[in-house]
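> Here you go, sequence then predicted model.
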Amino acid sequence: MLDFMNRILRDDGGSKDRAVERLRLVLIHDRAKVAPRFMEALKEDLIAVISKYMEIDEDGLDVTLDSDETSTALVASIPIRKMKRSYD
Amino acid sequence: MDSLVLVVTSGKGGVGKTTTVANIGTGLAKRGKKVVMVDADIGLRNLDVVMGLENRIVFDLVDVVEQQCRLKQALIKDKRLEGLYLLPAAQTREKDAIQPGQMKALCDELRKEFDYVILDCPAGIEQGFKNAVAGADEAVIVTTPEVSAVRDADRIVGLLQASGITNPKLLINRIRPDMIKKGDMMDVEDVNDILALELLGIIPDDETIIISTNRGEPAVLDQDSHAGEAYRNIVARLEGENVPFMTLDFDTGFFGKLKKMFGI
């Protein structure tokens, strides 16, 4: 009975939601690390896109996956050398 | 008909690879196919006991590869079904006793004689995995609805891709409808959302599997077994039939039995 009451009063649902959430997070890291040159390829593409708009310091570029308990973010620190002049 | 070399793999141990090989192999043979099951788990031979054929082994996989015997001498004929054979693993050898190239050659040899060659892959991602995958055309990944098993399954998808097997099929084993109902187990949709693979089948957690393993009789032959029925569905799908997925709500508790008694 106590068990039953606990289940009703608990607000986080069953443990499976935690399982799904933890799996999603861990697989983001697994897949990023396992895929050959994943981060390098991403960096190269980022440089290519951003270079259309500004001149950046490619050696100072830092791209990482940052995680806390509930989410993962792609964090990119990209030092800008010079802005390109826009005519639009 | 072209024959198919199918590897059953998982990454994580203990999720039901060997049971799956035994049941798929037996189910296909029951439908009249010529099937050989190869135990590629060198050093940890298991498929023979699950099939109840452990007393008939004379030669093994490594003997064949090292040409200590002819292939036909090492193949063990099943005691129940015509056209069903087992090539057992060596029990006292190391995993590196064979190489991927030798395994591929063996699979191609077996392909000539059989409709299906089903490989029982060892757990892990080392030499044994590489050997088992080397000769395969397609793969079945077995997982359970647990974080660790699904994570390892995801890793296996990548490794299979690197070996040229691009569309592995997923088998979700040991599903407990009671726990899913309570929200304490990931359901088929949750797992499939994460892995995004073609679903080959779902197997309920069923004590008849333990009983059938105790006896050395694959559950697929037991008409009363839920897991057996799930494996029969999987076999039909492998044969190209379009079988709907099982509803895993058997209502086996007291009220379920009561409902059954009154026909509701």
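Yep, that arrived. Predicted model only: the values in this text are computed from it and were never measured. Numbers count the residues shown, from 1 in each chain, chains lettered A, B, ... in the order given.

> three-state assignment of B:Met37?
Of the three states, B:Met37 takes strand under DSSP: H, G, I helix; E, B strand; the rest coil.

> Who does it form a beta bridge with?
With DSSP bridges as the criterion, B:Met37 is bridged to B:Leu86, B:Ile118.

> residues touching it, list them.
For B:Met37, the contact set (CB atoms under 8 Å, 6 or more residues apart in numbering or on different chains) comprises B:21-22, B:25, B:47, B:51, B:84-87, B:118, B:120. Glycine gets a C-beta too; all of them are placed from N, C-alpha and C.

> mind running it again at 10 Å?
Residues counted as contacts of B:Met37 (CB atoms under 10 Å, 6 or more residues apart in numbering or on different chains) are B:8, B:18, B:21-22, B:24-26, B:28-29, B:47-48, B:50-51, B:53, B:76, B:78, B:84-88, B:114, B:116-120.

> cool, and A:Asp30?
Here A:Asp30 is in contact with A:23, B:151-152, B:154-155, B:158 (CB under 10 Å, 6+ apart).

> quick check, nearest of those residues to A:Glu55?
B:Gly158 (36.5 Å; CB to CB).

> so how many other residues sit close to the residue lying closest to B:Leu44 once chain neighbours are set aside?
Closest residue to B:Leu44 apart from its sequence neighbours, by CB to CB, 6 or more residues apart in numbering or on different chains: B:Pro122 at 6.8 Å. Close neighbours of B:Pro122, defined as other CB atoms under 10 Å in any protein chain shown, add up to 25.

> Hmm, B:Pro122 is touching B:Gly128, no?
Yes. Contact criterion CB atoms under 10 Å: B:Pro122 and B:Gly128 qualify, at 3.7 Å.

> Mind listing the shared neighbours of these two?
Taking CB under 10 Å, 6+ apart as the contact rule, B:Pro122 and B:Gly128 both touch B:40-44, B:89, B:95.

> Where does residue 81 sit, in terms of helix or strand?
By default, I'm working from chain A. strand A:80-83 (DSSP states H and E).

> wrong one, chain B
Here B:Leu81 is covered by no helix or strand, with elements defined by DSSP H and E.

> So the nearest residue to it once chain neighbours are set aside versus chain A, what's the distance?
Setting aside the residues directly before and after it, B:Leu81 is nearest to B:Ala29 in space (CB to CB, 6+ apart), at 4.3 Å. For B:Ala29, the distance to chain A equals 36 Å [CB to the nearest CB, to the nearest Å].

> Just confirm B:Ala29 is within a helix.
Yes. Counting by three-state DSSP, B:Ala29 is part of a helix.

> which residues touch it?
B:35-37, B:78, B:80-85, B:115-116, B:218, B:220, B:235.

> Okay, it and B:Tyr85: tell me how far apart.
Going from B:Ala29 to B:Tyr85 by CB to CB, to the nearest Å gives 9 Å.

> shared neighbours, these two?
By CB under 10 Å, 6+ apart, the residues touching both B:Ala29 and B:Tyr85 are B:35-37, B:78.

> Out of those, which comes closest to chain A?
The nearest member of these to chain A, counting by CB to the nearest CB, is B:Met37 at 30.4 Å.

> For the residue in chain A positioned nearest to chain B, which non-adjacent residue is spatially closest?
The minimum distance from chain A to chain B, using CB to the nearest CB, falls at A:Gly14 (2.3 Å). For A:Gly14, ignoring the flanking residues on the chain, the nearest one in space by CB to CB, 6+ apart is B:Gly183 at 2.3 Å.
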